[in-house]
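Participant: can't give you the sequence, but here's the structure:
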Ligand SMILES: C[S@@+](CC[C@H](N)C(=O)[O-])C[C@H]1O[C@@H](n2cnc3c(N)ncnc32)[C@H](O)[C@@H]1O
């Protein structure tokens, strides 16, 4: 079933978009052009453009947000979904876009809206809807079983962005959307899904007033983890009227400077009074003529997040890796969680990690505190290691903090020494008499042996959660390559699975070697 929006209009037109951008005061570098890329559009340089030059500058009045849309402001509904407040801007923007799409040519944003993808973007959240994603979606979801994408979807559902939550939200609001000339009756759910997918794949955080919005032209840039540019916008505007310079809503400090602008140097404040508030894309490195200009969408976008939020699987694979929840390791026993929380708070885990001085350690310290993960380099996070020691090895005999810290540190040192010696033997077996110490021979100490077995067990269990977990990575490539050409969703899902399975298996191999 179709969403029924902009049906009967000619296909997206670059000329109409360009005329609309001109009318709205957008400044576009004369050496860039819209080009075909990834089943859609992207932006390319026609000549070399230097670092620091502008790609585009879009007045905030041309940003489509719940503030610039004519949809009356909605109030936050009472809801049983925890955390929906944080996602209210996304849902509100989705409704605003739906309203503007329902206005069709009567929307002041029509010249922009007509340029957006017309078909519903098949994000995994819609894959279970048979009439939308069909058999490809159903089978694709099976391939996502046990992957980070499945966990990410569950997390989004818990904060109000799953399919059921979207349905409940739209069910509540659809009757309150104003009738329009072209859509006198409420639009079907697919129409809201379409608007939501546009937000998920192309909205930016704008500022305190607009919160999130669609930024015409800037949203044409495709993503890379080695981008040329990223969107810049002054965020600290007045949250009531959106003004960047001082306004009547401001609370002033003793020097009559608005508190929100205290950090801004006086000459910059003066410039703000005289210029139009815009969002900007400036080149952070130069780009050669003919090259596509890449944007940066967010930190930590790996396969799974990229698929769940943007509907594609890139080549970057650069997020937090494979993750666990604390309850996966410690169960529901609150006493283990207390001990673990105490170890984090007292900095013991960080100290333990700081003491390890080997090349390419098996256990590493991730940027995010408390992250339980296997990183893309195949490193177990120090937090995961600690949780395994506390919850799976010491079991009922959890000793005091000092003793526990010693057990963990000794065990980690033994593991890293052994791994290092294995590496040394593996790479330079002929060199004799250079084994680093006697502790690198013979069986591991009982506690360390147990820790290693538990980590192996954790990784093996994760592998069994996959759909058809008996398949080897080579089998998966074969399955992917023999899929019919229209099985796009399954193909993406299998790629996510292949990357995660390969990472788990190579990590597992290193830990099994410790027992060999
Ligand atoms: C902000 S839009 C970029 C413009 C979009 N290509 C268009 O035609 O309108 C983001 C969407 O572009 C596509 N995209 C962006 N970067 C990509 C990449 N590296 N690989 C594949 N698709 C990408 C995805 O469909 C994504 O949801």
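Facilitator: Received, thanks. Predicted model only: the values in this text are computed from it and were never measured.
Participant: tell me which parts of the stretch 1-150 of the chain are close to the ligand?
Facilitator: Taking Cβ under 6 Å from any ligand atom, the part of the stretch 1-150 of the chain that reaches the ligand is made up of 38, 40, 41, 42, 117. In short, each C-beta sits where N, CA and C put it, glycine included.
Participant: what about the third one, which SS state?
Facilitator: Classification of residue 41 using DSSP: H, G, I helix; E, B strand; the rest coil returns strand.
Participant: What separation is there between it and residue 115?
Facilitator: Residue 41 is 8 Å from residue 115, where distance means Cβ to Cβ, to the nearest Å.
Participant: Same drill for the two, tell me which one is more crowded.
Facilitator: Using other Cβ atoms under 10 Å, the more surrounded residue of residue 41 and residue 115 is residue 115, with 24 against 20.
Participant: list the buried ones in the lowest-mean-pLDDT helix or strand in the chain?
Facilitator: Here the helix or strand of the chain ranked lowest by mean pLDDT, DSSP states H and E is helix 401-427, holding a mean of 80. Neighbour counts over helix 401-427 (16 or more other Cβ atoms under 10 Å) mark 404-405, 407-409, 411-421 as buried.
Participant: ditto for stretch 229-248
Facilitator: Under 16+ other Cβ under 10 Å, the buried positions of stretch 229-248 are 229-231, 233-234, 236-238, 242-246.
Participant: So what would you say the end-to-end distance of it is?
Facilitator: Terminal residues of stretch 229-248 lie 35 Å apart, using Cα to Cα, to the nearest Å.
Participant: go on, stretch 202-213?
Facilitator: End residues of stretch 202-213 are separated by 9 Å (Cα to Cα).
Participant: contacts for that stretch?
Facilitator: Contacts of stretch 202-213 with the rest of the structure, by Cβ atoms under 8 Å, 6 or more residues apart in numbering, involve 60, 63-68, 89-90, 93, 116, 199, 214-215, 218-219, 231, 233-242, 279.
Participant: Report the separation between the closest residue to the ligand within the stretch 1-150 of the chain and residue 328.
Facilitator: The ligand sits closest to residue 40 of the stretch 1-150 of the chain, with a gap of 2.3 Å, by Cβ to the nearest ligand atom. Applying Cβ to Cβ, the value for residue 40 to residue 328 is 38 Å.
Participant: Give me the more crowded residue out of those two.
Facilitator: residue 328 (15 against 12).
Participant: List the buried residues for stretch 128-140?
Facilitator: 129, 132, 133, 136, 137, 139, 140.
Participant: And the helices in the stretch 351-500 of the chain, which stretches?
Facilitator: 382-388, 401-427, 446-464, 473-482, 488-515 (DSSP state H, counting those that start in this stretch).
Participant: Could I get the average pLDDT for the shortest one?
Facilitator: Spelled out, it's helix 382-388. In this model, helix 382-388 carries a mean pLDDT of 93.
Participant: tell me what that helix is packed against?
Facilitator: Judged by 3 or more Cβ pairs under 8 Å, 6 or more residues apart in numbering; DSSP states H and E, the packing partners of helix 382-388 are helix 326-330, helix 334-345, helix 348-354, strand 363-364, helix 401-427, helix 446-464.
Participant: Tabulate those (a markdown table), appending distance to residue 3.
Facilitator: Shown next, in a markdown table, are the helices and strands packed on helix 382-388 (distance: least, Cβ to Cβ, whole Å):
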| stretch | distance to residue 3 |
| --- | --- |
| helix 326-330 | 38 |
| helix 334-345 | 45 |
| helix 348-354 | 49 |
| strand 363-364 | 46 |
| helix 401-427 | 54 |
| helix 446-464 | 38 |
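Participant: out of the ones you listed, which comes closest to residue 271?
Facilitator: For residue 271, the closest of the helices and strands packed on helix 382-388 is helix 348-354, at 43.0 Å, according to Cβ to Cβ.
Participant: Show me how far the closest one is from its chain's centre.
Facilitator: Centroid separation between helix 348-354 and its chain, computed with Cα atoms, centre = their mean, to the nearest Å, is 28 Å.
Participant: by contact count, what packs against it?
Facilitator: helix 382-388, helix 401-427.
Participant: Out of the ones you listed, which is closest to residue 512?
Facilitator: So among those, helix 401-427 is nearest, using Cβ to Cβ, at 10.7 Å.
Participant: Determine the angle, from 0 to 180 degrees, between the closest one and helix 334-345.
Facilitator: 70 degrees (axes from the mean of the first three to the mean of the last three Cα atoms, to 10 degrees).
Participant: and helix 401-427 with helix 446-464, angle?
Facilitator: Using the same axes, to 10 degrees: helix 401-427 against helix 446-464 is 70 degrees.
Participant: Which one of the helices and strands packed on helix 348-354 lies nearest to residue 192?
Facilitator: helix 382-388 (38.9 Å).
Participant: Up against the ligand, what does the protein have?
Facilitator: So the chain meets the ligand at 38, 40-42, 117, 201-202, 219-220, 222-224, 310-312, 314 (Cβ under 6 Å from any ligand atom).
Participant: Repeat the analysis, applying 5 Å as the threshold.
Facilitator: Contact residues (Cβ under 5 Å from any ligand atom) of the chain with the ligand: 38, 40-41, 201-202, 219-220, 222-223, 310-312, 314.
Participant: From these, which shows the smallest pLDDT?
Facilitator: residue 314 (80).
Participant: which non-adjacent residue is nearest that residue?
Facilitator: Nearest residue to residue 314 in three dimensions, chain neighbours excluded: residue 306, at 5.2 Å (Cβ to Cβ, 6 or more residues apart in numbering).
Participant: from the buried residues of stretch 229-248, which is closest to the ligand?
Facilitator: residue 231 (10.6 Å).
Participant: hey, what's the closest residue to that closest one other than its chain neighbours bridged with?
Facilitator: Spatial nearest neighbour of residue 231, chain neighbours left out: residue 204 (5.1 Å); criterion: Cβ to Cβ, 6+ apart. Legend: beta-bridge partners of residue 204 under DSSP bridges are residue 213.
Participant: And the pLDDT at residue 204?
Facilitator: 94.
Participant: Determine which two of the residues of the stretch 1-150 of the chain next to the ligand are furthest apart.
Facilitator: 42 and 117 (12.9 Å).
Participant: per-domain residue ranges of the protein.
Facilitator: 14-234+277-310, 322-515 (automatic domain parsing).
Participant: quick revisit: backbone dihedrals for the residue nearest to residue 314, please?
Facilitator: phi -60, psi -40 (degrees, to the nearest 10).
Participant: Also the one 3 residues further on?
Facilitator: With angles defined as degrees, to the nearest 10, residue 309 sits at phi -100, psi -30.
Participant: residues near it, how many?
Facilitator: Other residues close to residue 309 by other Cβ under 10 Å number 20.
Participant: What sits closest to it if chain neighbours are left out?
Facilitator: residue 200 (5.4 Å).
Participant: burial measure for that neighbour, as a count.
Facilitator: With other Cβ under 10 Å as criterion, residue 200 counts 19.
Participant: now do the one 4 residues further on
Facilitator: For residue 204, the neighbour count with other Cβ under 10 Å is 20.
Participant: and residue 458, what pLDDT?
Facilitator: 96.
Participant: And for residue 155?
Facilitator: pLDDT at residue 155 comes out at 91.
Participant: Starting from residue 167, give me the distance back to it.
Facilitator: Residue 155 is 18 Å from residue 167, by Cβ to Cβ.
Participant: Could you tell me which of the contacts of stretch 202-213 are located in strands?
Facilitator: The strands, defined by DSSP state E, take in 214, 231, 233, 279 from the contacts of stretch 202-213.
Participant: my read: the second one touches residue 279, true?
Facilitator: Yes: the pair residue 231 and residue 279 qualifies as a contact (Cβ atoms under 8 Å) at a distance of 5.9 Å.
Participant: Need the overlap of contacts for those two.
Facilitator: Shared between the contact lists of residue 231 and residue 279 (criterion: Cβ under 8 Å, 6+ apart) are residues 204, 215, 218.
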